[in-house]
Every structure is written in structure tokens, then in C-alpha cells.
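Enquirer: Need coordinates for the following:
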Amino acid sequence: MISLLYLSSATTQFSDSDLVNLLAEARKNNTQLDISGMLLYHDGNFLQVLEGPDDQVRHLFEKISGDERHQSVVKLIDRPIAERQFGEWSMAFRTTADAGLDTFEGYSNFLNNPFSHEVKEHPSAAYQFLLAFRESAR
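Expert: Just a heads-up that it's a prediction; the model follows:
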């Protein structure tokens, strides 16, 4: 089992309706593939972690990388895991609107500029950011 974390930019802005449709599609597909994870969307940028069987996760990542809705896809983490951190969700979803981001320890505005050195040099900070969102959703 692996955990794969990536960043990408949307080719066009997603409306709330677009995001709801994307989430419904992801939940249906990911349940069938035994993939869990979390997706954050902010101002045209995605940060997503995928967890599950190695081949399934890597195949899904390749599909996402080739999806016309994504551009500038950057894989940050691809590592084996003993247990899931986002196992209770077929795909959790949060937007960063009104989330009180500045209250999270170690907050930075890296989603506003997802390809900054900060994210590329410290991908574990992006992963910790997702874990903080997971906790706030409980």
C-alpha cells in the first residue's frame, strides 16, 4: 500500500457545482479501486493525497496527470505506508474558504502558489497540512 501526494492547477476555475460533481465521481471510482484520500481545492489549485494498493494508486495518478482538467501536475510524495491516514473516506474533500487557515500550526499560503520552493523542498509540510484538515473535519 502507498500514499501519493501531488499538486496540480486546474485548467479553468472550478465552481462549487463542478467540485461537487468531481467529488461524486471520485468517490464512486475510488471506492471500487479501494483508494482513500483527501482533496483540497483553493483558487484553481489542487492538493491531493491518494492511499491504497500500489498499482491502483499509481494508475489513478497517471490518469489524473493526463486529465485535461489538470495542468502542471507535480508529485510530491510517493511512499509505502503500513496504514491509511485517510482510510475512513473514499475521498474526503475540503475547500480552504473560511477554514481559518491561519490558525493551523505552521500555516503558510503555499496553495496560493503551489509550485513554490517551499512545497517542493518540504513536501511533508503539505502532507501535514492535509492531516490538519482531516482533523478539523471530524
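
Enquirer: And the strands in this structure, which stretches?
Expert: 2-10, 36-42, 45-52, 70-80, 92-95 (DSSP state E).

Enquirer: pLDDT averaged over the shortest one, what's the number?
Expert: Strand 92-95 shows a mean pLDDT of 51 in the predicted model.

Enquirer: now swap in the first one and tell me
Expert: Strand 2-10 comes out with an average pLDDT of 90.

Enquirer: For stretch 65-75, measure first residue to last.
Expert: 10 Å (CA to CA, to the nearest Å).

Enquirer: can you redo the strands of the chain as a markdown table with distance to Glu62?
Expert: C-beta coordinates here come from the backbone N, C-alpha and C atoms, glycine included. Shown next, in a markdown table, are these (distance: least, CB to CB, whole Å):
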| stretch | distance to Glu62 |
| --- | --- |
| strand 2-10 | 11 |
| strand 36-42 | 16 |
| strand 45-52 | 11 |
| strand 70-80 | 10 |
| strand 92-95 | 21 |
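
Enquirer: How about Trp79, nearest residue that isn't a chain neighbour?
Expert: Just so we're on the same page, residue 79 is Arg rather than Trp. Among residues not flanking Arg79 along the chain, Ser3 sits closest, at 5.8 Å (CB to CB, 6 or more residues apart in numbering).

Enquirer: What number of residues are in the vicinity of that neighbour?
Expert: Look at Ser3: counted by other CB atoms under 10 Å, it has 21 neighbours.

Enquirer: What of the one 4 residues further on?
Expert: Number of residues near Leu7 (other CB under 10 Å) recorded here: 24.
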